[in-house]
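1. Need a 3D model of the following:
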Amino acid sequence: QVLLVESGGGLVQAGGSLRLSCAASGRTFSAYAMGWFRQAPGKEREFVATISYSGSRTYYADSAKGRFIISRDNAKNTVYLQMNSLKPEDTAVYYCAASRFTDQVPSRYDLWGQGTQVTVSS
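-> Numbers count the residues shown, from 1 in each chain. Coordinates of the predicted model:
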């Protein structure tokens, strides 16, 4: 079993940057693809980015392409989301999740963190 804990959220002005981290416990982290999702108030949880278990493949939502970078360090059991050029519409709770599949669908993810709030002011 893998437990996930996100950190790095906060309040930032539009145009700024944040780096989210997701630390995983357990010895099988490298066997999982990892994803980042977000959920704004009153909206459904949406896909942001995913990375394969080896880190060789990454996929992004259109809203994240060119601004966000997902990466992982299997030696540190950690996945990251570097967010640049942030916009007010990026405001949401951001969740990391683990899956056997490199997928964009939340239901394909078995394990979830508790989330970290990102607020972008205009």
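2. From the centre of this protein outward, give me the first residue you hit.
-> W36 (2.4 Å; Cα atoms, centre = their mean).
3. tell me which element that one falls in.
-> strand 33-39 (DSSP states H and E).
4. Give me the helices and strands touching that strand, please.
-> strand 18-24, strand 46-51, strand 68-73, strand 78-83, strand 92-99 (3 or more Cβ pairs under 8 Å, 6 or more residues apart in numbering; DSSP states H and E). C-beta here means a position set from N, CA and C on the backbone, and glycine is covered the same way.
5. quick revisit: give me the pLDDT for the residue nearest to the centre of the chain.
-> In this model, W36 is scored at 98, pLDDT.
6. residue contacts, it?
-> 20, 22, 48-50, 68, 70, 79, 81, 94-97 (Cβ atoms under 8 Å, 6 or more residues apart in numbering).
7. now do Q104
-> G35, F47, T50, Y59, A61.
8. and the gap between it and S56?
-> 17 Å (Cβ to Cβ, to the nearest Å).
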